[in-house]
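Enquirer: What follows is a predicted structure for the sequence shown.
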Amino acid sequence: MRMYQALGTIVVVCLIAISALAQTPSAAPVPCDQNPTYHKLDFWIGEWDVFDFKSGQKDGGNRIEKVLKGCAIVENWTEAMDGSEGKSLFYVQRATGQWKQVWVEESGGMKEKSLQDSYTGEGVRFQGEILHKNGGSHLDRTTLVPLNGGRVRQTIEVSRDAGKTWEVVYDAEYRRRK
């Protein structure tokens, strides 16, 4: 009989412990603005005048801002020549911890890219596959590199041979607005 009482007591204690654990809230995630992962693009945050890297001609303006308590970044591009606009949303995919980018322009163009962990240079590189209406595709990558004096260089390249060769299609220097 005592064995059954002892066993019963053990079962009750275990049930109480399990119940307490089930009611204990799990640790809250670290807020984005306090998580180092969300600071990867901080060097690019700000208001910029953007110039062609070789000719020095002004291409446009860009405002890069943190939103949602630092959990995302919004890029606001305005073309100098015709005032057309494009926007990007940069965010960290929680399941993988990987930065993602979605770019959309008013002409309907769209790109989706992911941060490339294999990039070992200064700055960051995002790369994605751009699908064509005819069923084909090409690779598109953007590299952002901080420069002296608070400037940033942005190089956009495409590859039509699965990454064997790359062609620079845009090369720009970002200069902070005063």
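Expert: Okay, I see it. Residues are numbered from 1 along each chain as shown.
Enquirer: Not counting its neighbours along the chain, what's nearest Pro31?
Expert: Lys69 (6.6 Å; CB to CB, 6 or more residues apart in numbering). Bear in mind the C-beta positions are built from the backbone N, C-alpha and C, glycine included.
Enquirer: pretty sure that neighbour contacts Gln34?
Expert: No - counting by CB atoms under 8 Å, Lys69 does not reach Gln34; the two are 9.8 Å apart.
Enquirer: residues contacting the residue nearest to Pro31?
Expert: 31-33 (CB atoms under 8 Å, 6 or more residues apart in numbering).
Enquirer: Most neighbours of all those residues, which one?
Expert: Among those, the one with the most neighbours (other CB atoms under 10 Å) is Cys32, at 17 neighbours.
Enquirer: Per-residue pLDDT of it, please?
Expert: Looking at Cys32, its pLDDT is 92.
Enquirer: Please look at it and Tyr38 and confirm they touch.
Expert: Yes - with contacts counted by CB under 8 Å, Cys32 reaches Tyr38, the gap being 4.5 Å.
Enquirer: about what we covered before: any idea how far His39 is from the residue nearest to Pro31?
Expert: In this view, Lys69 and His39 are 13 Å apart by CB to CB, to the nearest Å.
Enquirer: and what of Lys100?
Expert: In terms of CB to CB, Lys100 sits 16 Å off from His39.
Enquirer: Name the residue in the two with the higher neighbour count.
Expert: Lys100 (17 against 14).
Enquirer: okay, and the common contacts of Cys32 and Tyr38?
Expert: 70-71, 92.
Enquirer: out of the residues you listed, which one sits closest to Arg151?
Expert: Gly70 (23.4 Å; CB to CB).
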